[in-house]
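**Q** What follows is a predicted protein model with its sequence.
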Amino acid sequence: MIDREQVLHVARLARLRLAEDELEPMARELSSVLDHVARIGELDLEKVPPTAHVIEVSGRLRADEPEPCLARELALSQAPAVRDEGFLVPSPQA
Amino acid sequence: MSATDPIELSAAGAARAIAAGELAAGELIAAYHARAARDRLNCFTWLPDAPPPPPPPASAGGGLGGVPLAVKDLFCTEGVPSQSGSKILEGYLPPYTATAVRRLQDAGAVLLGKTNQDEFAMGSSNENSAYGPVLNPWDPTRVPGGSSGGSAAAVAAGLAPWALGTDTGGSIRQPAALCGIVGLKPTYGAVSRYGMIAFASSLDQAGPLTRDVTDAALLLRAMVGERDRRDATSLDFPGEIELPSAESLQGVRLGVPAGLADAGVEPGVLTAFERAVALAEGELKATVNAEIELPHAPYGLAAYYILAPAEASSNLARFDGVRYGLRAEDGDDLLGMYTSTRHDGFGAEVKRRIMLGTYALSSGYYDAYYGRAQRVRTKIVEDFRAAFQKVDFILTPTTPGVAFELGEKTSDPWAMYLSDYFTVPMSLAGIPAISIPCGLGEGGLPVGLQICGPAFSESRLLDVAHALEKSLRFDASGARS
């Protein structure tokens, strides 16, 4: 079972603020889903390698050649706040 | 509608009529734009004010010559809102276009509009969209499925000739089944993911939602090809997608998993499925092996709901109020701005999956959840590999039930996740799978037949689906009334 403290801990890791009234439903729903997924614990997987990629691919590297990238003004065009030539964010220690 | 109404033509038929000079592309585009503008199912999150212009004649050789295409919201389209069904991306105008969309445009497709979806493709009912649910054209009190619900409903209702969707655990096939149309998830890597707003990168694949199998083949043909150097997991597609022509399945070995009757399938769905299998074996002369063992498939859903949220929690870290989209103004320092932006911008299901994924990847739990799920994935890959030694293709129902009522499963996440029971194993194995309508089940609602095959078997898979489609004679008119 996931409790309130664990929910707050995971939310901190996920950089997600949860409102007071979201905590209890989140704890309950995560616990319920984890109960269901726990059934993979029934399987003997000792000698089974994990799958990271389903289709066999050998490392195909492209030539490392400089080419134009996204123009600065385009990269900045969708930002909520911009100053000079960069993204503007609140001060870390405000 | 008159018999000459261009809306009645399949997309392939319309493309042929345009190429033959019997139909003006502009007329077709205007007809669909007018229908889409009158949409009462909430299929679209963006439509242009006026019908878009037909493509330049230079792209006429691409085979799609001017047929309009509805595109799921999560594909980046330059200068056109691409919000992935989320409030956190409200009004986002990407500076570039997704490779899959670009290739279709190069072949002559015209962007008709962007379609509604579950937020970040997380959902099986389209009820998780920040822009409201999509309604099922067969019965507007029911869901169209998800996450590509807008694409599926628009095609079924005749608001678009065809549409582009994405499938992570069933998000093309499940809504196609619930709306009575065709939906294909290609082999993982067949279609570039560049410009698709990511959900779970090891599973996400783009594919067609269409009225018939020939249209699916035509659309897929223009999406695959040479690998995209902007997507490190994309692959050169071996050969070209052929347009399907099979009318018999003689010499084709089909498999049906053992124990389907005990898998919680609705009686009406099982009846429609069994009729399709009987037609394949009888009229179409396929060989059917009804005792195929996929021993780890029942664990697929559990593994999927660890792996997909884990990947999502990582992919969605980028939404932090800095470079695009929403920024909450009440955070008084950098960390506060991040956490408030994510609180305000994400919906309940997305928060749930971020939390689930972060938990499964966190210190002390990684091996028990993520590590084990990756090993289950290996077993599922091996199950399919062994099964394809015995048979060429495997058939299942696409979903355990027909379209459910709005709100019916929103309070119980696992009940909703069970909609993906039959579609998730193929996603985990990276193999292609198609859903075609095979009859009507409970409440006179459509039932989907899922056919899957080995990696890169798309052309033969489409051929099998085409033969079955001819023999099933599904009546899709119930979505147009």
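**A** On my side now, so go ahead.
**Q** Only C-alpha atoms from now on, for both contacts and neighbour counts.
**A** Fine.
**Q** Could you pull up the contacting residues of the spatially most central residue of chain A?
**A** With distances taken as C-alpha atoms, centre = their mean, A:A14 lies nearest the centre of chain A, 7.1 Å away. Counting by C-alpha atoms under 8 Å, 6 or more residues apart in numbering or on different chains, A:A14 makes contact with B:S313, B:A317, B:I354, B:M355, B:T358.
**Q** who does the longest helix anywhere in chain A touch, helix- and strand-wise?
**A** Longest helix in chain A by number of residues (criterion: DSSP state H): helix A:20-37. Helix A:20-37 is packed against helix A:4-13, helix B:300-315, helix B:348-361, helix B:413-417, with contacts defined by 3 or more C-alpha pairs under 8 Å, 6 or more residues apart in numbering or on different chains; DSSP states H and E.
**Q** send the alpha carbons of it over as CSV?
**A** C-alpha atoms of helix A:20-37 as CSV (Å, rounded to 0.1, in the frame of the first residue of the first chain):
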residue,chain,number,x,y,z
GLU,A,20,-4.4,18.5,-0.5
ASP,A,21,-7.5,16.9,-1.9
GLU,A,22,-5.5,15.0,-4.6
LEU,A,23,-3.4,13.1,-2.0
GLU,A,24,-5.8,10.5,-0.7
PRO,A,25,-7.3,9.6,-4.1
MET,A,26,-3.8,9.3,-5.6
ALA,A,27,-2.6,7.0,-2.7
ARG,A,28,-5.7,4.8,-3.2
GLU,A,29,-5.5,4.6,-7.0
LEU,A,30,-1.7,4.0,-7.1
SER,A,31,-2.2,1.2,-4.5
SER,A,32,-4.9,-0.4,-6.6
VAL,A,33,-2.9,-0.3,-9.8
LEU,A,34,0.2,-1.6,-8.0
ASP,A,35,-1.8,-4.5,-6.6
HIS,A,36,-2.7,-5.5,-10.2
VAL,A,37,0.8,-5.1,-11.7
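**Q** Give the helix, strand or coil label for B:C438.
**A** strand (DSSP: H, G, I helix; E, B strand; the rest coil).
**Q** Help me confirm that it comes into contact with B:L449.
**A** Yes: contact criterion C-alpha atoms under 8 Å: B:C438 and B:L449 qualify, at 5.8 Å.
**Q** Now the common contact residues for these two.
**A** Common neighbours of B:C438 and B:L449 (C-alpha under 8 Å, 6+ apart) are B:F273, B:A276.
**Q** In terms of neighbours, single out the busier of those two.
**A** For B:C438 and B:L449, the more surrounded residue by other C-alpha atoms under 10 Å in any protein chain shown is B:C438, and the numbers stand at 29 against 26.
**Q** List the residues that contact that one.
**A** If you count contacts by C-alpha under 8 Å, 6+ apart, then B:C438 has B:A272, B:F273, B:A276, B:P446, B:V447, B:G448, B:L449, B:E469, B:L472, B:F474 around it.
**Q** Out of the helices and strands packed on helix A:20-37, flag the one nearest B:E382.
**A** helix B:300-315 (12.7 Å; C-alpha to C-alpha).
**Q** which non-adjacent residue is nearest B:D212?
**A** The shortest distance from B:D212 to any non-neighbouring residue, by C-alpha to C-alpha, 6 or more residues apart in numbering or on different chains, is to B:V182 (5.8 Å).
**Q** circling back: could you dump the helices and strands packed on helix A:20-37 to JSON lines with mean pLDDT, mean neighbour count and distance to B:T398?
**A** Below are the helices and strands packed on helix A:20-37 laid out as JSON lines (pLDDT from 0 to 100; neighbours: other C-alpha atoms under 10 Å in any protein chain shown; distance: least, C-alpha to C-alpha, whole Å):
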{"stretch": "helix A:4-13", "mean pLDDT": "97", "mean neighbour count": "16", "distance to B:T398": "35"}
{"stretch": "helix B:300-315", "mean pLDDT": "98", "mean neighbour count": "24", "distance to B:T398": "14"}
{"stretch": "helix B:348-361", "mean pLDDT": "97", "mean neighbour count": "24", "distance to B:T398": "23"}
{"stretch": "helix B:413-417", "mean pLDDT": "93", "mean neighbour count": "16", "distance to B:T398": "14"}
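**Q** and those helices as JSON lines, adding distance to B:G259?
**A** As requested, the helices and strands packed on helix A:20-37 are exported to JSON lines (distance: least, C-alpha to C-alpha, whole Å):
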{"stretch": "helix A:4-13", "distance to B:G259": "39"}
{"stretch": "helix B:300-315", "distance to B:G259": "16"}
{"stretch": "helix B:348-361", "distance to B:G259": "31"}
{"stretch": "helix B:413-417", "distance to B:G259": "20"}
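**Q** Could you work out which of those reaches nearest to B:L335?
**A** Nearest of the helices and strands packed on helix A:20-37 (C-alpha to C-alpha): helix A:4-13, 10.0 Å.
**Q** between the closest one and helix B:348-361, how big is the angle?
**A** Put simply, helix A:4-13 runs at 90 degrees to helix B:348-361, going by axes from the mean of the first three to the mean of the last three C-alpha atoms, to 10 degrees.
**Q** contact partners of stretch A:33-50?
**A** Residues contacting stretch A:33-50 (C-alpha under 8 Å, 6+ apart): B:299, B:301-303, B:305-306, B:368-369, B:371-379, B:413-414.
**Q** repeat for stretch B:39-54
**A** B:25-26, B:29-30, B:33, B:36-37, B:66, B:73, B:81, B:110-116, B:131-137, B:140, B:149-151, B:153-154, B:159.
**Q** what number of residues lie near the closest residue to B:A415 other than its chain neighbours?
**A** Nearest residue to B:A415 in three dimensions, chain neighbours excluded: B:K409, at 6.1 Å (C-alpha to C-alpha, 6+ apart). As a burial measure, B:K409 scores 17 neighbours (other C-alpha under 10 Å).
**Q** pretty sure B:K409 contacts B:L418?
**A** No: B:K409 is not in contact with B:L418 according to C-alpha under 8 Å; the separation is 10.1 Å.
**Q** hey, where'd the helices end up in chain B?
**A** Using DSSP H, helices in chain B cover B:11-19, B:25-37, B:99-106, B:149-156, B:173-179, B:213-223, B:267-281, B:300-315, B:334-345, B:348-361, B:372-390, B:413-417, B:424-429, B:458-472.
**Q** Could you dump those into CSV with distance to B:A328 added?
**A** What follows is the helices of chain B, written out as CSV (distance: least, C-alpha to C-alpha, whole Å):
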stretch, distance to B:A328
helix B:11-19, 44
helix B:25-37, 33
helix B:99-106, 32
helix B:149-156, 29
helix B:173-179, 34
helix B:213-223, 38
helix B:267-281, 46
helix B:300-315, 20
helix B:334-345, 5
helix B:348-361, 16
helix B:372-390, 35
helix B:413-417, 28
helix B:424-429, 36
helix B:458-472, 45
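**Q** which ones are touching the closest residue to B:P309 other than its chain neighbours?
**A** Spatially, and ignoring its direct neighbours in sequence, B:P309 is nearest to B:G357 (4.3 Å; C-alpha to C-alpha, 6+ apart). Contacts were defined as C-alpha under 8 Å, 6+ apart; by that measure B:G357 touches B:I306, B:L307, B:A308, B:P309, B:A310, B:E311, B:A312, B:S313.
**Q** one more time with 7 Å
**A** With contact set as C-alpha atoms under 7 Å, 6 or more residues apart in numbering or on different chains, B:G357 has these partners: B:I306, B:P309, B:A310, B:E311, B:A312, B:S313.
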